[in-house]
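[1] Okay, here's the prediction I keep looking at, along with the sequence it came from:
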Amino acid sequence: MDAAALGLPVLVGLVAVALVFDFLNGLHDAANSIATVVATHVLRPRVAVVWAAFFNFIAFAVFGLHVATTVGTGIVASGVVDGAVIFGALVGAIAWNLITWALGIPSSSSHALIGGLAGAGVAKAGLSGIVFNGLALTTAGIVVSPVLGFVLAQLLVVIVSWAARRRSPYAVDRSFRILQLFSAAMYSVGHGGNDAQKTMGIIAVLLFSQGLLGDEFYVPLWVVLTCHAAMALGTLLGGWRIVHTMGSRITKLKPVQGFCAETGGAITLFVATGLGVPVSTTHTITGAIVGVGAARRTAAVRWSVAQRIVVAWVITLPAAAAIAAAAYWAVTLF
(Lines give C-alpha, C1' and ligand atoms only; values in the text may rest on other atoms or scores of the structure.)
Protein backbone atom coordinates (compact mmCIF):
# COMPACT_ATOMS: atom_id res chain seq x y z
CA MET A 1 0.00 0.00 0.00
CA ASP A 2 2.28 2.76 -1.29
CA ALA A 3 1.32 6.41 -0.88
CA ALA A 4 2.02 7.20 -4.50
CA ALA A 5 -0.10 4.29 -5.73
CA LEU A 6 -3.25 4.85 -3.71
CA GLY A 7 -6.32 4.69 -5.90
CA LEU A 8 -9.63 6.37 -5.13
CA PRO A 9 -11.27 3.23 -3.64
CA VAL A 10 -8.34 2.71 -1.22
CA LEU A 11 -8.29 6.40 -0.29
CA VAL A 12 -12.04 6.43 0.36
CA GLY A 13 -11.69 3.22 2.35
CA LEU A 14 -9.00 4.72 4.59
CA VAL A 15 -11.09 7.84 5.19
CA ALA A 16 -14.01 5.55 6.09
CA VAL A 17 -11.84 3.63 8.58
CA ALA A 18 -10.78 6.95 10.12
CA LEU A 19 -14.43 7.92 10.53
CA VAL A 20 -15.13 4.52 12.12
CA PHE A 21 -12.44 5.36 14.66
CA ASP A 22 -14.07 8.75 15.24
CA PHE A 23 -17.44 7.05 15.72
CA LEU A 24 -15.90 4.59 18.21
CA ASN A 25 -14.20 7.53 19.93
CA GLY A 26 -17.63 9.06 20.51
CA LEU A 27 -19.00 5.67 21.62
CA HIS A 28 -16.03 4.95 23.89
CA ASP A 29 -15.67 8.46 25.31
CA ALA A 30 -19.37 9.26 25.67
CA ALA A 31 -18.81 8.57 29.35
CA ASN A 32 -16.50 11.57 29.53
CA SER A 33 -19.33 13.90 28.64
CA ILE A 34 -22.27 12.30 30.45
CA ALA A 35 -21.04 10.12 33.32
CA THR A 36 -21.36 12.80 35.98
CA VAL A 37 -24.67 14.22 34.80
CA VAL A 38 -26.15 10.69 34.69
CA ALA A 39 -24.63 9.63 38.01
CA THR A 40 -26.18 12.63 39.77
CA HIS A 41 -29.58 11.91 38.14
CA VAL A 42 -29.76 15.39 36.64
CA LEU A 43 -30.52 13.89 33.22
CA ARG A 44 -31.77 10.49 32.16
CA PRO A 45 -29.17 8.52 30.17
CA ARG A 46 -30.85 8.90 26.78
CA VAL A 47 -31.44 12.62 27.23
CA ALA A 48 -27.85 13.03 28.43
CA VAL A 49 -26.34 11.45 25.30
CA VAL A 50 -28.43 13.70 23.03
CA TRP A 51 -27.27 16.70 25.09
CA ALA A 52 -23.64 15.61 24.83
CA ALA A 53 -23.86 14.72 21.12
CA PHE A 54 -25.27 18.14 20.24
CA PHE A 55 -22.50 20.03 22.02
CA ASN A 56 -19.87 17.64 20.68
CA PHE A 57 -21.01 18.55 17.17
CA ILE A 58 -21.13 22.35 17.55
CA ALA A 59 -17.59 22.45 18.97
CA PHE A 60 -16.24 23.10 15.46
CA ALA A 61 -17.72 26.62 15.68
CA VAL A 62 -15.86 27.37 18.94
CA PHE A 63 -12.26 26.28 18.42
CA GLY A 64 -9.59 26.61 15.76
CA LEU A 65 -7.87 23.57 14.29
CA HIS A 66 -4.57 23.66 16.19
CA VAL A 67 -4.98 20.13 17.57
CA ALA A 68 -5.65 18.74 14.10
CA THR A 69 -2.44 20.36 12.85
CA THR A 70 -0.46 18.88 15.75
CA VAL A 71 -1.75 15.37 15.04
CA GLY A 72 -1.39 15.74 11.28
CA THR A 73 2.19 17.04 11.22
CA GLY A 74 3.55 16.99 14.78
CA ILE A 75 3.72 13.28 15.66
CA VAL A 76 5.09 11.61 12.53
CA ALA A 77 6.87 13.51 9.77
CA SER A 78 4.40 14.16 6.95
CA GLY A 79 6.85 12.71 4.43
CA VAL A 80 6.65 9.35 6.20
CA VAL A 81 2.87 9.12 6.06
CA ASP A 82 1.32 6.86 3.47
CA GLY A 83 -1.74 4.64 3.23
CA ALA A 84 -0.12 1.77 5.13
CA VAL A 85 0.95 4.04 8.01
CA ILE A 86 -2.55 5.50 8.33
CA PHE A 87 -4.11 2.04 8.13
CA GLY A 88 -1.77 0.68 10.81
CA ALA A 89 -2.41 3.67 13.08
CA LEU A 90 -6.18 3.31 12.80
CA VAL A 91 -6.13 -0.46 13.34
CA GLY A 92 -4.00 -0.02 16.45
CA ALA A 93 -6.29 2.65 17.87
CA ILE A 94 -9.54 0.88 17.01
CA ALA A 95 -8.35 -2.48 18.35
CA TRP A 96 -7.24 -0.97 21.66
CA ASN A 97 -10.51 0.99 21.96
CA LEU A 98 -12.54 -2.18 21.47
CA ILE A 99 -10.46 -4.13 24.00
CA THR A 100 -10.79 -1.48 26.71
CA TRP A 101 -14.47 -0.89 25.88
CA ALA A 102 -15.20 -4.60 26.31
CA LEU A 103 -13.44 -4.53 29.68
CA GLY A 104 -15.20 -1.33 30.75
CA ILE A 105 -11.89 0.51 31.21
CA PRO A 106 -11.91 4.25 30.40
CA SER A 107 -8.62 4.37 28.55
CA SER A 108 -7.71 7.19 26.18
CA SER A 109 -8.89 7.00 22.57
CA SER A 110 -6.66 9.98 21.88
CA HIS A 111 -3.49 8.35 23.09
CA ALA A 112 -4.47 5.10 21.38
CA LEU A 113 -4.51 7.05 18.11
CA ILE A 114 -1.23 8.83 18.91
CA GLY A 115 0.37 5.54 19.90
CA GLY A 116 -0.94 3.88 16.76
CA LEU A 117 0.41 6.65 14.54
CA ALA A 118 3.81 6.55 16.24
CA GLY A 119 3.97 2.74 16.09
CA ALA A 120 3.14 2.60 12.38
CA GLY A 121 5.55 5.47 11.68
CA VAL A 122 8.41 3.68 13.46
CA ALA A 123 7.56 0.43 11.67
CA LYS A 124 8.07 2.22 8.35
CA ALA A 125 10.93 4.66 8.96
CA GLY A 126 12.38 3.85 12.37
CA LEU A 127 12.78 6.51 15.04
CA SER A 128 13.82 9.07 12.43
CA GLY A 129 10.19 9.26 11.33
CA ILE A 130 9.01 10.57 14.72
CA VAL A 131 8.64 14.28 15.50
CA PHE A 132 9.86 14.00 19.07
CA ASN A 133 8.85 17.50 20.16
CA GLY A 134 5.23 16.89 19.23
CA LEU A 135 5.19 13.39 20.68
CA ALA A 136 6.76 14.63 23.94
CA LEU A 137 4.14 17.40 24.19
CA THR A 138 1.34 14.88 23.72
CA THR A 139 2.87 12.39 26.16
CA ALA A 140 3.17 15.15 28.76
CA GLY A 141 -0.59 15.54 28.50
CA ILE A 142 -0.96 12.07 30.05
CA VAL A 143 0.30 13.58 33.30
CA VAL A 144 -0.68 17.23 33.01
CA SER A 145 -4.35 16.92 31.99
CA PRO A 146 -5.54 14.70 34.88
CA VAL A 147 -3.46 16.64 37.40
CA LEU A 148 -4.86 19.96 36.20
CA GLY A 149 -8.39 18.52 36.18
CA PHE A 150 -7.81 17.22 39.72
CA VAL A 151 -6.51 20.55 41.02
CA LEU A 152 -9.17 22.70 39.33
CA ALA A 153 -11.99 20.42 40.52
CA GLN A 154 -10.72 20.55 44.11
CA LEU A 155 -10.37 24.33 43.91
CA LEU A 156 -13.92 24.63 42.61
CA VAL A 157 -15.21 22.43 45.44
CA VAL A 158 -13.59 24.79 47.96
CA ILE A 159 -14.98 27.91 46.25
CA VAL A 160 -18.48 26.48 45.87
CA SER A 161 -18.56 25.15 49.45
CA TRP A 162 -17.61 28.59 50.79
CA ALA A 163 -20.12 30.41 48.56
CA ALA A 164 -22.97 28.07 49.54
CA ARG A 165 -22.11 27.79 53.25
CA ARG A 166 -25.29 29.61 54.39
CA ARG A 167 -27.69 27.83 52.06
CA SER A 168 -29.63 24.69 52.89
CA PRO A 169 -28.51 21.39 51.30
CA TYR A 170 -31.82 21.25 49.40
CA ALA A 171 -31.33 24.72 47.89
CA VAL A 172 -27.73 23.91 46.92
CA ASP A 173 -28.79 20.64 45.29
CA ARG A 174 -31.58 22.33 43.33
CA SER A 175 -29.30 25.12 42.08
CA PHE A 176 -26.54 22.81 40.97
CA ARG A 177 -28.91 20.49 39.15
CA ILE A 178 -29.50 23.44 36.82
CA LEU A 179 -25.87 24.54 36.73
CA GLN A 180 -24.74 21.02 35.91
CA LEU A 181 -26.57 21.24 32.59
CA PHE A 182 -24.25 24.09 31.63
CA SER A 183 -21.11 22.39 32.97
CA ALA A 184 -21.97 19.20 31.05
CA ALA A 185 -22.49 21.28 27.91
CA MET A 186 -19.12 23.01 28.38
CA TYR A 187 -17.37 19.70 28.87
CA SER A 188 -19.01 18.24 25.76
CA VAL A 189 -17.85 21.26 23.72
CA GLY A 190 -14.33 20.74 25.05
CA HIS A 191 -14.50 17.02 24.30
CA GLY A 192 -15.68 17.56 20.74
CA GLY A 193 -13.18 20.35 20.17
CA ASN A 194 -10.17 18.30 21.23
CA ASP A 195 -11.07 14.72 20.30
CA ALA A 196 -12.70 15.21 16.89
CA GLN A 197 -9.68 17.21 15.73
CA LYS A 198 -7.40 14.18 16.12
CA THR A 199 -9.25 12.28 13.40
CA MET A 200 -9.34 15.44 11.30
CA GLY A 201 -5.55 15.54 11.48
CA ILE A 202 -5.28 11.90 10.39
CA ILE A 203 -7.56 12.39 7.37
CA ALA A 204 -5.98 15.70 6.41
CA VAL A 205 -2.41 14.36 6.50
CA LEU A 206 -3.54 11.39 4.38
CA LEU A 207 -5.02 13.78 1.81
CA PHE A 208 -1.88 15.93 2.00
CA SER A 209 0.34 12.89 1.38
CA GLN A 210 -1.64 12.25 -1.80
CA GLY A 211 -1.14 15.80 -3.06
CA LEU A 212 -4.85 16.60 -2.72
CA LEU A 213 -4.34 19.66 -0.50
CA GLY A 214 -1.70 21.41 -2.57
CA ASP A 215 1.60 22.54 -1.10
CA GLU A 216 0.28 23.67 2.28
CA PHE A 217 -1.26 21.48 5.00
CA TYR A 218 -4.78 22.46 6.08
CA VAL A 219 -8.02 20.76 7.14
CA PRO A 220 -10.88 21.00 4.60
CA LEU A 221 -14.30 22.03 5.92
CA TRP A 222 -15.91 18.77 4.80
CA VAL A 223 -13.41 16.88 6.97
CA VAL A 224 -14.25 19.08 9.96
CA LEU A 225 -18.01 18.56 9.61
CA THR A 226 -17.78 14.83 8.86
CA CYS A 227 -15.55 14.12 11.86
CA HIS A 228 -17.80 16.04 14.23
CA ALA A 229 -20.86 14.23 12.85
CA ALA A 230 -19.22 10.79 13.25
CA MET A 231 -18.24 11.56 16.85
CA ALA A 232 -21.69 12.92 17.69
CA LEU A 233 -23.31 9.78 16.27
CA GLY A 234 -21.05 7.58 18.38
CA THR A 235 -21.92 9.63 21.46
CA LEU A 236 -25.63 9.15 20.73
CA LEU A 237 -25.18 5.39 20.98
CA GLY A 238 -23.43 5.82 24.32
CA GLY A 239 -20.87 3.75 26.19
CA TRP A 240 -22.73 2.43 29.19
CA ARG A 241 -20.03 0.13 30.57
CA ILE A 242 -17.67 3.06 30.94
CA VAL A 243 -20.42 5.42 32.15
CA HIS A 244 -20.86 3.06 35.11
CA THR A 245 -17.14 3.07 35.90
CA MET A 246 -16.74 6.84 35.56
CA GLY A 247 -20.01 7.88 37.16
CA SER A 248 -20.27 5.63 40.20
CA ARG A 249 -17.41 3.23 40.72
CA ILE A 250 -14.67 5.86 41.30
CA THR A 251 -16.67 7.91 43.81
CA LYS A 252 -20.29 8.80 44.56
CA LEU A 253 -21.31 12.16 43.11
CA LYS A 254 -23.87 14.81 43.95
CA PRO A 255 -24.85 17.64 41.55
CA VAL A 256 -22.50 20.15 43.16
CA GLN A 257 -19.60 17.68 42.79
CA GLY A 258 -20.62 16.82 39.25
CA PHE A 259 -20.61 20.53 38.40
CA CYS A 260 -17.12 21.00 39.86
CA ALA A 261 -15.74 17.93 38.06
CA GLU A 262 -17.21 18.91 34.69
CA THR A 263 -16.19 22.55 34.98
CA GLY A 264 -12.63 21.69 36.04
CA GLY A 265 -12.39 19.23 33.15
CA ALA A 266 -13.89 21.71 30.68
CA ILE A 267 -11.42 24.46 31.62
CA THR A 268 -8.54 22.01 31.14
CA LEU A 269 -9.80 20.98 27.70
CA PHE A 270 -10.44 24.56 26.60
CA VAL A 271 -6.88 25.56 27.50
CA ALA A 272 -5.31 22.48 25.88
CA THR A 273 -7.34 22.84 22.67
CA GLY A 274 -6.51 26.52 22.42
CA LEU A 275 -2.81 25.65 22.70
CA GLY A 276 -3.08 22.84 20.15
CA VAL A 277 -2.21 20.09 22.65
CA PRO A 278 -4.03 16.78 21.98
CA VAL A 279 -4.83 15.70 25.54
CA SER A 280 -7.00 12.84 26.73
CA THR A 281 -10.55 13.76 27.65
CA THR A 282 -10.73 10.50 29.60
CA HIS A 283 -7.67 11.36 31.69
CA THR A 284 -8.99 14.86 32.28
CA ILE A 285 -12.44 13.97 33.59
CA THR A 286 -11.11 11.05 35.62
CA GLY A 287 -8.65 13.36 37.37
CA ALA A 288 -11.47 15.82 38.02
CA ILE A 289 -13.80 13.14 39.44
CA VAL A 290 -11.03 11.84 41.71
CA GLY A 291 -10.40 15.46 42.73
CA VAL A 292 -13.96 16.11 43.90
CA GLY A 293 -14.04 12.77 45.69
CA ALA A 294 -10.76 13.43 47.48
CA ALA A 295 -11.94 16.93 48.41
CA ARG A 296 -14.68 15.28 50.44
CA ARG A 297 -12.32 12.77 52.02
CA THR A 298 -9.69 10.42 50.62
CA ALA A 299 -11.73 7.39 51.68
CA ALA A 300 -14.52 8.55 49.35
CA VAL A 301 -12.43 7.52 46.33
CA ARG A 302 -12.22 3.89 45.35
CA TRP A 303 -8.49 3.95 44.78
CA SER A 304 -8.37 0.37 43.49
CA VAL A 305 -10.60 1.37 40.56
CA ALA A 306 -8.54 4.53 39.97
CA GLN A 307 -5.35 2.44 40.04
CA ARG A 308 -6.74 0.08 37.40
CA ILE A 309 -7.55 3.06 35.20
CA VAL A 310 -4.04 4.49 35.60
CA VAL A 311 -2.53 1.16 34.55
CA ALA A 312 -4.63 1.30 31.38
CA TRP A 313 -3.36 4.82 30.72
CA VAL A 314 0.26 3.76 31.04
CA ILE A 315 -0.01 0.83 28.64
CA THR A 316 -2.25 2.53 26.05
CA LEU A 317 0.54 4.18 24.02
CA PRO A 318 2.82 1.12 23.75
CA ALA A 319 -0.07 -1.33 23.29
CA ALA A 320 -1.66 0.66 20.47
CA ALA A 321 1.78 1.24 18.94
CA ALA A 322 2.56 -2.50 18.93
CA ILE A 323 -0.78 -3.38 17.30
CA ALA A 324 -0.31 -0.60 14.73
CA ALA A 325 3.22 -1.76 13.86
CA ALA A 326 1.97 -5.32 13.36
CA ALA A 327 -0.90 -4.05 11.18
CA TYR A 328 1.56 -1.96 9.11
CA TRP A 329 3.87 -4.92 8.50
CA ALA A 330 0.92 -7.14 7.66
CA VAL A 331 -0.57 -4.78 5.09
CA THR A 332 2.80 -4.17 3.40
CA LEU A 333 3.00 -7.89 2.63
CA PHE A 334 0.12 -7.53 0.17
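    Yes, it's here. Numbers count the residues shown, from 1 in each chain.
[2] The nearest residue to residue 224 once chain neighbours are set aside: what secondary structure?
    Beyond its immediate neighbours in the sequence, the residue positioned closest to residue 224 (CB to CB, 6 or more residues apart in numbering) is residue 60, lying 5.2 Å away. Heads up, the C-betas are built off the backbone N, CA and C, glycines and all. Three states are possible here, and by DSSP: H, G, I helix; E, B strand; the rest coil the one that applies to residue 60 is helix.
[3] Tell me who's in contact with residue 60.
    192-193, 196, 224-225, 228 (CB atoms under 8 Å, 6 or more residues apart in numbering).
[4] Now residue 213. Nearest residue, chain neighbours left out?
    Distance criterion CB to CB, 6+ apart; nearest residue to residue 213, sequence neighbours excluded, is residue 207 at 5.3 Å.
[5] what helix or strand is the one you found on?
    In this assignment (DSSP states H and E), residue 207 forms part of helix 169-209.
[6] for residue 41, same thing?
    Using DSSP H and E, residue 41 falls outside every helix and strand.
[7] Count the neighbours of it for me.
    Residue 41: 12 surrounding residues under other CB atoms under 10 Å.
[8] Repeat that for residue 65.
    Residue neighbour count, defined by other CB under 10 Å, stands at 20 for residue 65.
[9] Make sure it is actually in contact with residue 219.
    Yes. Contact between residue 65 and residue 219 holds when scored by CB atoms under 8 Å: they sit 5.0 Å apart.
[10] The helix holding residue 207 - what's its average pLDDT?
    Predicted confidence along helix 169-209 averages 88 (mean pLDDT).
[11] next one: it to chain centre, how far?
    Its chain's C-alpha centre and that of helix 169-209 lie 9 Å apart, by CA atoms, centre = their mean, to the nearest Å.
[12] for the helix or strand just after that helix, which positions count as buried?
    Scanning forward in sequence from helix 169-209, with DSSP H and E defining helices and strands, the next element found is helix 221-237. Residues of helix 221-237 classed as buried by neighbour count (16 or more other CB atoms under 10 Å): 223-224, 226-236.
[13] Quick one: residues contacting residue 195.
    By CB under 8 Å, 6+ apart, the residues touching residue 195 are 25-26, 29, 109-110, 231, 281.
[14] Next step: the residues you listed restricted to strands.
    If you go by DSSP state E, those have nothing in strands.
[15] okay if I get the buried residues of helix 221-237 as TSV plus pLDDT?
    Rendered in TSV, the data for the buried residues of helix 221-237 read as follows (pLDDT from 0 to 100):
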residue	pLDDT
223	94
224	92
226	94
227	91
228	89
229	90
230	90
231	86
232	84
233	86
234	83
235	79
236	78
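[16] if I've got this straight, residue 333 is in a strand?
    No. When classified by three-state DSSP, residue 333 is found to be coil rather than part of a strand.
[17] which SS class is residue 295?
    Secondary structure of residue 295, per three-state DSSP, is helix.
[18] Hmm, I typed the wrong one, I wanted residue 81.
    Taken by three-state DSSP, the conformation at residue 81 corresponds to coil.
[19] how close does the nearest residue to it once chain neighbours are set aside sit to residue 73?
    Excluding the flanking residues, the one nearest residue 81 by CB to CB, 6+ apart is residue 209, at 4.7 Å. Computed with CB to CB, to the nearest Å, the distance linking residue 209 and residue 73 is 11 Å.
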